[in-house]
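Chemist: Sequence first, then the predicted structure:
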Amino acid sequence: MVTSSTPRGGRRPGATSTRAAILAAARAAFFERSYDGATIRGIAAAAAVDPALVLHYYGSKRGLFAAAMDLPFDPGDVVAAALAAPREERGLALARAALTAWEAPGSGEVLIGLMRSAVSDEASAARLREFLTEAVLVPVAASLEGPRAMLVASLAMSHLMGVLFARHIARVGPLADASLAGLVPLLGAALQQYFDAAPEAPA
């Protein structure tokens, strides 16, 4: 039986200290080995807890990354909710979900800081790229058809991220001042074109 004196695995005394140890180990792992290189098992070993406890608290490596990077929401959850809509409504659902999540109180400052860090630092860009590939690109591509699925998904996400950058960081003209009610249908219609793209083989 595992007791409080056991030096490895199991729960530490106090959920708060255990979570803090896991997050500290996760941040170190993600910064040292990037997103793809870090593992739940390695992070758990560094925090002196059982890997099952890490999954109990954070659900997956994706959830752990979001918590360790202090993201206000998990982009994968936002995408999953949008993809649950009928195919002909997914562009609108994705636009609404992404803009609403970004503009929730407390979200913008964290995400702007993350994007600025990715633009100026290659290691930060690599972490963000690997995370978004797993959390966003792969699920969107899986919802599409044909050999161009990953390319089309990449274009859709680039379009969305470009709008977010222009609206919240570059503060471009009317886009920065547009209301959600006015912007969501326009962006949704643009994103829907990617979901409607014909599944043709590349030339």
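Modeler: Great, that's in hand.

Chemist: how about the helices of the protein, start to end?
Modeler: Along the chain, the stretches classed as helices by DSSP state H are 15-37, 40-47, 51-58, 61-68, 75-83, 90-102, 107-120, 122-132, 138-143, 149-168, 173-177, 180-195.

Chemist: May I see these organised as TSV, with mean neighbour count and mean pLDDT added?
Modeler: C-beta: built from backbone N, CA, C; applies to glycine. Below are the helices of the chain laid out as TSV (neighbours: other CB atoms under 10 Å; pLDDT from 0 to 100):
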stretch	mean neighbour count	mean pLDDT
helix 15-37	17	88
helix 40-47	18	95
helix 51-58	17	94
helix 61-68	21	88
helix 75-83	19	91
helix 90-102	22	93
helix 107-120	15	77
helix 122-132	17	86
helix 138-143	17	93
helix 149-168	18	92
helix 173-177	11	92
helix 180-195	17	96
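
Chemist: My read is that residue 143 contacts residue 90, right?
Modeler: Yes: with contact defined as CB atoms under 8 Å, residue 143 reaches residue 90; the gap is 7.3 Å.

Chemist: Mutual contacts of those two, please.
Modeler: In terms of CB atoms under 8 Å, 6 or more residues apart in numbering, residue 143 and residue 90 are both contacted by the residues 83, 195.

Chemist: which residues touch the most centrally placed residue in the chain?
Modeler: Centroid check for the chain by CA atoms, centre = their mean gives residue 75 as the closest residue, at 3.4 Å. By CB under 8 Å, 6+ apart, the residues touching residue 75 are 66, 101, 132, 135, 136.

Chemist: mind redoing it with 7 Å?
Modeler: Counting by CB atoms under 7 Å, 6 or more residues apart in numbering, residue 75 touches 132, 135, 136.

Chemist: Distance of it relative to residue 135?
Modeler: Using CB to CB, to the nearest Å, we find residue 75 at a distance of 5 Å from residue 135.

Chemist: Likewise for residue 156?
Modeler: Using CB to CB, we find residue 156 at a distance of 14 Å from residue 135.

Chemist: Same question for residue 122.
Modeler: According to CB to CB, residue 122 and residue 135 sit 20 Å apart.

Chemist: Break the protein into its domains for me.
Modeler: Here the domain parsing of the chain from automatic domain parsing is 15-68, 75-195.

Chemist: Next, work out how far apart residue 64 and residue 47 are.
Modeler: In terms of CB to CB, residue 64 sits 11 Å off from residue 47.

Chemist: before we move on, what about residue 121?
Modeler: The value you get for residue 121 to residue 47, if CB to CB is used, is 26 Å.

Chemist: which residues are contacting stretch 167-187?
Modeler: With CB under 7 Å, 6+ apart, stretch 167-187 has contacts from 92, 95, 96, 99, 100, 103, 108, 112, 115, 163, 166.

Chemist: brain fart, stretch 153-161
Modeler: For stretch 153-161, contacts defined as CB under 7 Å, 6+ apart pick out 98, 136, 137, 140, 141, 144, 190, 191, 194.

Chemist: From residue 45, how far out is the first one?
Modeler: What it means is residue 98. Applying CB to CB to residue 98 and residue 45 gives a distance of 35 Å.
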